[in-house]
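> Got a predicted model here, sequence first, then my questions.
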Amino acid sequence: MEAIGGQLRASVELATNATTQGNTEFDRREARHPWRLRLSGIRATIGANLTLSSVVFRHALRVAICVAIGDALGRTLDWHRAYWIPMTTVLVLRPDFASTFSRGILRIAGTILGLIASTALLYFLPPSLILQVVLISIFVFLLRWIGPANYGLFVIFVTAVIVLMISFTGVSPSQAIWARGLDTLVGGAIALLGYAVWPTWERGSAALRLADMLAAYRDYFDSVAQSYLAPKLRDSVEKQRLAARRARSNFEALVDRLSAEPATPPGELEHLRGILASSHRFVHALMALEAGSPVRLSPDSLRGFEKFADDVREVLDVLAAILRKERPAPHRWPDLREDYRLFVASVDASFARDSLPAIESDRIANSLNTLKEQVLVLLANFSPSFYTAPLKKEVGNGIRPHRKD
């Protein structure tokens, strides 16, 4: 019943925060916070990713270098409308290979087809201001109607509109056509070359990214737990919190980029998103524990929390080791739900079941048990390449933890 209750509470929480209405309400609550508090959260996220170990920072650096090269090249050669070079580079270059390659090809091909279409219209149709207005209206309509469905069609219509609108200024259409075609080719080539020189391959690193996040959560949890177990020896958790935030950002970015890679099975992608949701619940509970520390527990409660904390660390450590192929899934996992039950049973005058440690320990037990099952199902059913053959066989043969949550 404790496990079912934990799952029901998790369902209510996810339904409240993960739906469209929940996200809207969450944004409203965030907007009511003081601007200094909101700014500090943004600053913390940026600060955690200002390192080469962050995939977000590496992509930002890659874009900055490619844009600088494109802008410098356009200024050096003094080409007509050279600003199209860095603009194309920004539009084409994406964090993942599939999107960068497909957008590069579609951008170049769409630009050429759009130039051909606009050139043919301007050449074969009689010159007329009304006719140009009608053509622009048609292409803008097609751009808004069909463009969002396909980037290649979007580029074709945008290119035709740009050439037709530039012709209004008295500039020769042929001059705009040649400039658009050449600058787009150069900008697309810079983006593709930049990604080829400094690539980011996602699917092969998914297990390691997830393992890094769980290991960072383990270290963060260990620091927070020490603030309850030994308040006098409490160390600053700032470093561990930043590392956990960075690892979470890396895994979130990986899941987003995997959605653009055609080789990713839809079922696996949905499972990774489920893992991400469970990990969010875990770290949110952990941050709440940190915010409420230090709380002095009675000796009995302290012993119960210490056993609970040891088992949480063990589960996170084992999951990270499994994902890194360092060990198989164990025959028996720590019973976090039983640890939680014994912890809250040690109620006295200084501790209550509805206190912050009890509430957040329930969320940690529920989210981590769910996360454990999700990781094992992912490795057994969706990503056999993540496991060596013996490990996959053990998991597939039922050496799996008894489901608690």
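All right, it came through fine. The model shown is predicted, which means the values in this text are computed figures rather than measured ones.

> make it CA atoms for all contacts and neighbour counts henceforth
OK.

> can you confirm residue 37 is in a strand?
No. Assessed with DSSP: H, G, I helix; E, B strand; the rest coil, residue 37 is helix; it does not lie in a strand.

> elements contacting the helix or strand containing residue 40?
Element membership of residue 40 [criterion: DSSP states H and E] is helix 35-48. Secondary-structure packing of helix 35-48 (3 or more C-alpha pairs under 8 Å, 6 or more residues apart in numbering; DSSP states H and E): helix 238-258.

> For the helix it packs on, what does the pLDDT average out to?
Taken as a whole, helix 238-258 has a mean pLDDT of 84.

> Could I get the contacting residues of the residue nearest the centre of the chain?
By C-alpha atoms, centre = their mean, the mean C-alpha position of the chain lies nearest to residue 252, the distance being 2.3 Å. Counting by C-alpha atoms under 8 Å, 6 or more residues apart in numbering, residue 252 makes contact with residue 276.

> sorry, back to before: just the C-alpha atoms of the helix or strand just after the helix holding residue 40, please, in PDB.
Using DSSP H and E, the next helix or strand after helix 35-48 towards the C-terminus is helix 55-77. The C-alpha atoms that make up helix 55-77 are tabulated as PDB, following Å, rounded to 0.1, in the frame of the first residue of the first chain:
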ATOM      1  CA  VAL A  55      27.600  19.600 -24.500                       C
ATOM      2  CA  VAL A  56      25.600  22.800 -24.600                       C
ATOM      3  CA  PHE A  57      28.700  25.000 -24.100                       C
ATOM      4  CA  ARG A  58      30.600  23.000 -26.700                       C
ATOM      5  CA  HIS A  59      27.900  23.600 -29.300                       C
ATOM      6  CA  ALA A  60      27.700  27.300 -28.400                       C
ATOM      7  CA  LEU A  61      31.500  27.500 -28.900                       C
ATOM      8  CA  ARG A  62      31.200  25.600 -32.200                       C
ATOM      9  CA  VAL A  63      28.500  28.000 -33.500                       C
ATOM     10  CA  ALA A  64      30.500  31.100 -32.300                       C
ATOM     11  CA  ILE A  65      33.600  29.900 -34.200                       C
ATOM     12  CA  CYS A  66      31.800  29.100 -37.400                       C
ATOM     13  CA  VAL A  67      29.800  32.300 -37.400                       C
ATOM     14  CA  ALA A  68      33.000  34.300 -36.800                       C
ATOM     15  CA  ILE A  69      34.700  32.500 -39.700                       C
ATOM     16  CA  GLY A  70      31.700  33.100 -42.000                       C
ATOM     17  CA  ASP A  71      31.500  36.800 -41.100                       C
ATOM     18  CA  ALA A  72      35.300  37.300 -41.500                       C
ATOM     19  CA  LEU A  73      35.200  35.600 -44.900                       C
ATOM     20  CA  GLY A  74      32.400  37.800 -46.100                       C
ATOM     21  CA  ARG A  75      34.100  41.000 -45.000                       C
ATOM     22  CA  THR A  76      37.400  40.000 -46.400                       C
ATOM     23  CA  LEU A  77      36.100  39.100 -49.900                       C
END
